[in-house]
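**Q** Here is a sequence with its predicted model. Questions after.
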Amino acid sequence: MNRLFTRRAVCAVAAATLALTAAATPRAQAEAPIKIGWPNITEQAMLGVMAALVIEKKLGLPVERFPNLGGTGIAQQAIISGAIDVLPDYTGDALANVLKLDPITDPKKAYEVVRDGYKDKYKITWLAPTSFNNTYALALKGDKAKELNIKTISDLAAQAPKWTLGSSVEFAARPLDGYPGMSKHYGFKFGAIKPMEIGLMYTAVDSGSVDVIVAFATDARIGKIGLAVLDDDKLFFPAYNAAITVRDDVLAKHPEIGPAIEAVTNSLDTETQIKLNGQADIDGLDIEKVAEMYLKEKGFIPK
C-alpha cells in the first residue's frame, strides 16, 4: 500500500465528511476542534470513535473527525505531520512502520520503546495501552487443520508451496512484520499470496479460495467461521497492543484528555474487544452506535 501522505488527502477526506456539532457550551465554542482520525479498520475506527465521544461528550471539547484514512501507515503520517491530533495505534505497527525497528514480542517492552521514541522524535504521547494484543495470527479452517495435524506456523512448511495465503494489502508488503519478514523468519513461502480487503479475507478462507489467512487476534470472525489459529512457535509476530496517541501540544492544553481516555482503554480486555468487534463486523451494527452504547453502559459518557 502506498504510504505517502499529503495534507491534501486529509482535506479531501474532511470535505466528504459531515462536521459534527460540538457540545454547545461557551468553552467548547471558544476552542479550536481537536482533530481525531483513524484508518478504515473496524477496531481502530471503534477506538477512534470512543476517543472522540469521550472528548466531546464527557469533556465538552469540540471534535473534528477524519475517518477512513486508508491504511495505518497513512494515518500515522497524518498525526506525525500535525494534520490530525489524535490517533488510535498499535505498538507493533509503530515499531515497524514508523520507528523502523525490529519487532518486539514482549508487550511491555514494545510499549516502552514506542512511547519513548514518539516522545523524543515527534512530540507525541502514547497513552496507556490496552491489555488486549491484536497481533497478526495465521489461521485456516478448523477441519483442515485437524485433518492435516497443523497446529503451528512451522507445521505449514510442507503445504505452503501448494497453498495460497490471503492477507491485508499492508501485510503483503511490510518488510519487517509482514509477509517478507515472516517467510524469511520461518524459512518457507506460500505458492501464492492474495492481498485483499480485511473483510474479504474471512469470506475467502471460508469459501476455499485461499487456504490460510493472516487474521487479527481480536477479530470475532475467527470464531464465527470456525478457524484454527496457529501457534507462532518461532515468535515472529510482535506485540500489537492498542493505545490512543495524542500530540503533546494538545495534551499540554487539555491534560484532562489523558485520564478520560485511559479510563476507557483500561476497560478493554480481549474478551470485551472481540465482542465489540463482532457487533460491528458480524451483527452489522454501526461502529459509532457500538462505541456509544459501550461508553454509556460503562458510565464513561452521559446517557
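**A** On my side now, so go ahead.
**Q** tell me which residues in stretch 209-216 are buried?
**A** Buried residues in stretch 209-216, defined by neighbour count with 16 or more other C-beta atoms under 10 Å: 210, 211, 212, 213, 214, 215, 216. Heads up, the C-betas are built off the backbone N, CA and C, glycines and all.
**Q** Show the model's pLDDT score for residue 250.
**A** Model confidence at residue 250, expressed as pLDDT, equals 98.
**Q** Please report the distance of it from residue 118.
**A** 14 Å (C-beta to C-beta, to the nearest Å).
**Q** Which one of the two is surrounded by more residues?
**A** Neighbours around residue 250 and residue 118, counted as other C-beta atoms under 10 Å, are more numerous at residue 118. The numbers are 23 against 19.
**Q** Just give the nearest non-adjacent residue to the more buried one, would you?
**A** Distance criterion C-beta to C-beta, 6 or more residues apart in numbering; nearest residue to residue 118, sequence neighbours excluded, is residue 124 at 4.4 Å.
**Q** quick one, what contacts the one you found?
**A** Residue 124 sits next to 79, 80, 118, 245, 246, 247, 248 when contact means C-beta atoms under 8 Å, 6 or more residues apart in numbering.
**Q** Give me the neighbour count for residue 66.
**A** Neighbours around residue 66, by other C-beta under 10 Å: 23.
**Q** Can you spell out which residues form a bridge with it?
**A** According to DSSP bridges, the residues that bridge with residue 66 are residue 37.
**Q** Tell me the secondary structure at residue 116.
**A** helix (DSSP: H, G, I helix; E, B strand; the rest coil).
**Q** Okay, it and residue 177: tell me how far apart.
**A** Distance check for residue 116 against residue 177: by C-beta to C-beta, it reads 19 Å.
**Q** who's more crowded, those two?
**A** Per other C-beta under 10 Å, whichever of residue 116 and residue 177 has more neighbours is residue 177, with 24 against 12.
**Q** what about that one, which helix or strand?
**A** For residue 177, there is no host helix or strand (DSSP states H and E).
**Q** If we ignore the residues flanking it in sequence, what's nearest it?
**A** Spatial nearest neighbour of residue 177, excluding adjacent residues (C-beta to C-beta, 6+ apart): residue 96 at 4.3 Å.
**Q** So the one you found sits against residue 110, correct?
**A** No. With contacts counted by C-beta atoms under 8 Å, residue 96 stays clear of residue 110, the gap being 10.4 Å.
**Q** residues shared between the contacts of those two?
**A** residue 238.
**Q** Which residues are in contact with residue 128?
**A** 243, 262, 265, 266.
**Q** Mind doing that once more with 10 Å?
**A** Each residue near residue 128 by C-beta atoms under 10 Å, 6 or more residues apart in numbering is listed here: 111, 115, 241, 243, 244, 258, 259, 261, 262, 263, 265, 266.
**Q** packing partners for the helix or strand that residue 293 is a member of?
**A** Assigned by DSSP H and E, residue 293 falls within helix 287-297. The elements that helix 287-297 packs onto, with contact taken as 3 or more C-beta pairs under 10 Å, 6 or more residues apart in numbering; DSSP states H and E, are helix 42-53, helix 257-265, helix 270-281.
**Q** Please enumerate the strands of the stretch 101-250 of the chain.
**A** Under the criterion DSSP state E, counting those that start in this stretch, the stretch 101-250 of the chain contains strands at 124-126, 136-141, 164-168, 192-196, 212-216, 227-229, 242-247.
**Q** Residue 181: which of those is closest?
**A** Closest approach to residue 181 among the strands of the stretch 101-250 of the chain (C-beta to C-beta): strand 136-141, 10.7 Å.
**Q** pLDDT below threshold where in the chain?
**A** Applying pLDDT under 70 to the chain flags the ranges 1-30.
**Q** let's go with 80 and repeat that
**A** Applying pLDDT under 80 to the chain flags the ranges 1-31.
**Q** In it, which residue is most central in space?
**A** In the chain, the residue lying closest to the centroid (C-alpha atoms, centre = their mean) is residue 44, at 4.3 Å.
**Q** returning to what we had before: and the contacts of residue 124, which are buried?
**A** 79, 80, 118, 245, 246, 247.
**Q** Around residue 239, count how many other residues there are.
**A** As a burial measure, residue 239 scores 22 neighbours (other C-beta under 10 Å).
**Q** hmm, I was thinking of residue 234
**A** A count of nearby residues for residue 234, using other C-beta under 10 Å, gives 13.
**Q** Check residue 164 too.
**A** There are 18 residues near residue 164, going by other C-beta under 10 Å.
**Q** OK, contacts around the residue lying closest to residue 242 once chain neighbours are set aside?
**A** Among residues not flanking residue 242 along the chain, residue 130 sits closest, at 4.6 Å (C-beta to C-beta, 6+ apart). By C-beta under 10 Å, 6+ apart, the residues touching residue 130 are 43, 47, 88, 90, 107, 218, 240-244, 262, 264-270, 272-273.
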